[in-house]
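what's the 3D shape of this:
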Amino acid sequence: MSADAPGFRRNLVQELFWTRTGLLLLSLLVISAACLGIDSIMATGALKTFVGSVGTGTLISAIIGFGQTLITSSASQRALVTPLVEESRKALEELSEEYRRLNQEFYPTHIFEPTTEPDPNFNRLMMQDLRNTKEYFFRGFSGRYAAARLLLSSAEWELRTVIADPRGPSALSGRARYLLRRDPAAEDYDVIEKRLHDDICVGLVGLYQARSRCSRVDMTIITDPPLDRLEMFDDSVWLTLFSDAAGAAALYPRTLRFSEGSFIYAMERNEFLRVCNSRAGRHFVITPDTSRQEFLELFETITGTELTESGFHALDDKFRDFEQRFSTSVGLRS
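Model (predicted):
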């Protein structure tokens, strides 16, 4: 208030001279000066006394009126303007807080546009979320990316995954049609389906190899997984929009990150848990104590294909190659 006082007083004096009150005070000063001037040149007498009294009285009235105007204007400022400014400030703060709450609830914190090359900032931020979480939910086609991220970290999580059923033809055909729409000049349809089946098998081996990073790995196998990939942590959820037609030609689709307090986070978490607890999918568990033989039997149950030791090593080599290429391309390993 003290810093604004000189400017306030200048504005007040300026207003005084441009209002009716200011004109009245100016008139009183002119009359007083005129009367006192006339009194100084008049001869002694009753008229001189009268003129001098008028001049003196007018001057005193002008001084008192000017002082009263200053006091009442300052009081009016404090009584009317200051509370109004304070109420306006509070209203703007409440409005800003409401906008911040709405932004947090309905708008993503980060938007990563489609790219043909991996975005290191994208992966660094996701790995940061992974390090700060206790639960890691993954919904995708094969689970390879989830396993690779886990092996690049040293913490321990509870992992829940929802992946495609390699025995369900609709799961493979749906993803194959998407890949053909993205690149009509791509491989033959049957070749793509076989490659997708191999990706699921590689992902299963990767999840088995990542079991040491988890207290347990809950797998839900469904025949018709959503096209968009979901990765959920304690404080955020990431949606990779393979269904976004605008980025269909890009190798890495558009991705949105929402915070834990958002509407999308709550909706996706409830939907994910609903799928994990439903009877529509097949449910399996891998723990750190799961032996190689137990996994081979589990693999056969999931895929319908017997897996030998040599087959396991072949898939493991493919996963290790994928992990190396993935971690290097996103800047997580040199």
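
the helices in the protein, which residues?
5-17, 20-41, 46-76, 82-106, 120-131, 144-151, 169-182, 189-209, 263-277, 292-303, 309-329 (DSSP state H).

got a markdown table for the ones you listed, with mean pLDDT and mean neighbour count too?
From N, CA and C alone the C-beta is placed, and that goes for glycine too. Formatted as a markdown table, the entries for those read as follows, by pLDDT from 0 to 100; neighbours: other Cβ atoms under 10 Å:
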| stretch | mean pLDDT | mean neighbour count |
| --- | --- | --- |
| helix 5-17 | 51 | 12 |
| helix 20-41 | 73 | 15 |
| helix 46-76 | 71 | 14 |
| helix 82-106 | 70 | 11 |
| helix 120-131 | 89 | 16 |
| helix 144-151 | 91 | 23 |
| helix 169-182 | 77 | 16 |
| helix 189-209 | 91 | 20 |
| helix 263-277 | 93 | 15 |
| helix 292-303 | 95 | 15 |
| helix 309-329 | 91 | 15 |
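
out of those, flag the one nearest residue 221.
helix 292-303 (6.0 Å; Cβ to Cβ).

now that closest one, how far from the chain's geometric center?
In terms of Cα atoms, centre = their mean, to the nearest Å, the centre of helix 292-303 is set 41 Å apart from its chain centre.

just want the angle from that helix to helix 189-209.
For helix 292-303 against helix 189-209, the angle by axes from the mean of the first three to the mean of the last three Cα atoms, to 10 degrees is 150 degrees.

which strands and helices lie in contact with helix 292-303?
For helix 292-303, the helices and strands in contact under the criterion 3 or more Cβ pairs under 8 Å, 6 or more residues apart in numbering; DSSP states H and E are helix 189-209, strand 282-286, helix 309-329.

let's go with 10 Å and repeat that
With contacts defined as 3 or more Cβ pairs under 10 Å, 6 or more residues apart in numbering; DSSP states H and E, helix 292-303 has these neighbours: helix 189-209, strand 214-222, strand 282-286, helix 309-329.

what's the closest non-adjacent residue to residue 256?
Nearest in space to residue 256, with sequence neighbours left out and distances taken as Cβ to Cβ, 6 or more residues apart in numbering, is residue 108 at 4.2 Å.

list the contacts for residue 306?
296-297, 299-300 (Cβ atoms under 10 Å, 6 or more residues apart in numbering).

return the member of the residues you listed nearest to residue 87.
Distance from residue 87 was checked for each of those by Cβ to Cβ. The minimum falls on residue 299, at 68.3 Å.

count of residues packed around the residue nearest to residue 256?
By the measure other Cβ atoms under 10 Å, the count of residues near residue 108 is 18.

can you check residue 283 too?
Here the neighbour count serves as a burial measure; for residue 283 (other Cβ under 10 Å) it reads 12.

that one and residue 244: what is the separation?
Separation of residue 283 from residue 244 (Cβ to Cβ, to the nearest Å) stands at 30 Å.

with residue 319 instead?
Shown here: residue 319 relative to residue 244, a distance of 28 Å by Cβ to Cβ.

burial check on residue 133, number of neighbours?
For residue 133, the count of nearby residues is 17 (other Cβ under 10 Å).

hmm, it is touching residue 158, no?
Yes. Counting by Cβ atoms under 10 Å, residue 133 touches residue 158, with 9.4 Å between them.

quickly list what the residue found closest to residue 119 once you drop the neighbours it is linked to in the chain is bridged to.
Nearest residue to residue 119, sequence neighbours excluded (Cβ to Cβ, 6+ apart): residue 112, at 5.9 Å. Listed beta-bridge partners, residue 112: residue 255 (assigned using DSSP bridges).
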